[in-house]
Structures are given as structure tokens and as C-alpha cells.
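S.K.: next input, structure requested:
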Amino acid sequence: MNTPVVVDTGPLVAIADRDDAHHQACLDHHHGPVIVPAPVSVEVCWLLGRRVGPVAEAAFLAALTGGDPRIEALDSVDYQRAGQLVDRYADLDLGFVDAAVVAIAERLRIDTVATINHRDFRVVRPSHVDSFTLVP
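M.R.: Residues are numbered from 1 along each chain as shown. Next up, the predicted model:
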């Protein structure tokens, strides 16, 4: 499938961590161009360093140098939107990284999000579509 997807932290960690309960499902799910919001990469590195070790963290960073997946930096509009989302969904404890995923998906007009966190992403209403298509 060639549909672009904005990816959250969970699937990237699951792919790198063979002990993760979602490892196989995330490996098996092949999708089109992958966009990683910059804050997601920081969270992935932190989790991999703690759960799997520095070798996995370094391998993830090396994988980001080829352009696929593509790292997407946030601009001022994305930070503003992330703040709005964190405030609006305070009862979910949405957090900056998930809000950044939504903001990037909205700006790029992408309706598919790769996440393990279906609970939060099913509740959040993006501005460009009624709801996200969530994978895996």
C-alpha cells in the first residue's frame, strides 16, 4: 500500500524490541511512506535505550539517515496546534508527543496513523478528517 502514514512511538519501539507484545503485528504491517514527527524519534530513543539497550537505540538512529522513514520537524503552527490539543484533551493526558503526531498528520493532510495507542487516537478528532485510520 502506498498510503503515507504518520507513525507514533509504539510501533517503532515494537519493531526494534523482539520482546514487545506488538512486535510481530508491527513487523507484519507494511505501509507506504513513513513520516516520523521529530518528537517521536526522541521518545523512541529514550524507550529503546531503557528497554533494549544502546545498540538498539543506535540502530534506530542509523535507520533514520536514509530518508525512509522521513523525519518531520515541527514548525511554529505545529507547536501551537499541539498545545491546543494537549489542552483540549487534558482528560486523556494526551501529551506533547501524541499531539505532535496529530499536528503533523493534520498539516500534511495524512489520515493514517501507525500507533499502538488506539485508545487516545480514536478519541482525538483531527481537523482534516472525521477520524484517523489506525494501523496496525
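S.K.: CA only for contacts and neighbour counts going forward, please
M.R.: Fine.
S.K.: quick one: the residue nearest to residue 111 when sequence neighbours are not counted from residue 107, how far?
M.R.: With Cα to Cα, 6 or more residues apart in numbering as the criterion, residue 111 has its nearest non-adjacent residue at 5.1 Å, and that residue is residue 132. When distance is defined by Cα to Cα, to the nearest Å, residue 132 is 14 Å away from residue 107.
S.K.: the more surrounded of these two?
M.R.: residue 132 (21 against 15; other Cα atoms under 10 Å).
S.K.: in a helix, that's where residue 127 is, yeah?
M.R.: No: according to DSSP: H, G, I helix; E, B strand; the rest coil, residue 127 belongs to no helix; its state is coil.
S.K.: where does the closest residue to it other than its chain neighbours land on pLDDT?
M.R.: Nearest residue to residue 127 in three dimensions, chain neighbours excluded: residue 106, at 6.5 Å (Cα to Cα, 6+ apart). pLDDT, residue 106: 98.
S.K.: show me where this structure dips below the pLDDT cut-off.
M.R.: 1, 30-31 (pLDDT under 70).
S.K.: one more pass at 90, please.
M.R.: 1-3, 17-20, 23-33, 66-68, 93 (pLDDT under 90).
S.K.: can you give me the helices for the chain?
M.R.: Counting by DSSP state H, the chain has helices at residues 9-16, 23-28, 38-51, 54-63, 76-88, 96-108, 118-123.
S.K.: good, we can wrap up now.
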